[in-house]
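Participant: Any chance you could fold what I've pasted below:
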Amino acid sequence: MKSDKIQELNKSKTPIVAFDKELEKLQNVVLFPEKLEMANQFIKKYGLPKEYYEQIARQKEEKK
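Facilitator: Numbers count the residues shown, from 1 in each chain. Next comes the predicted model:
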């Protein structure tokens with residue numbers, strides 16, 4: 001019985017994820033402001049990978 005359920009879950013295309021609803025209260029809270037600032041400075045100085053910009057361009061083309 002249990003193995004049938006496991007097999008069914010393994011074949012499923014939809015992931016099954018359970019999360020604590022209490023985490024939603026942290027949705028707009030910056031937990032590590034120092035690290036966020038460092039990351040933003042790095043992106044400002046070096047930019048994002050070219051693959052990111054290519055992906056954005058592809059998405060814009062698809063919307064047209």
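
Participant: As a check, name the ranges of all helices in the chain.
Facilitator: Using DSSP state H, the helices of the chain run over 2-11, 33-46, 50-63.

Participant: Can you say which of those helices is nearest to residue 22?
Facilitator: Ranking these by their distance to residue 22 (criterion: CB to CB) puts helix 33-46 first, at 21.4 Å. Bear in mind the C-beta positions are built from the backbone N, C-alpha and C, glycine included.

Participant: I would like the residues contacting that closest one, please.
Facilitator: For helix 33-46, contacts defined as CB atoms under 8 Å, 6 or more residues apart in numbering pick out residue 30.

Participant: Let me know how buried residue 28 is, in neighbour terms.
Facilitator: Counted with other CB atoms under 10 Å, the neighbours of residue 28 add up to 6.

Participant: which residues touch it?
Facilitator: Contacts of residue 28 by CB under 8 Å, 6+ apart: none found.

Participant: Centre-most residue in this structure?
Facilitator: The centroid of the chain falls nearest to residue 27 when counting by CA atoms, centre = their mean (13.1 Å).
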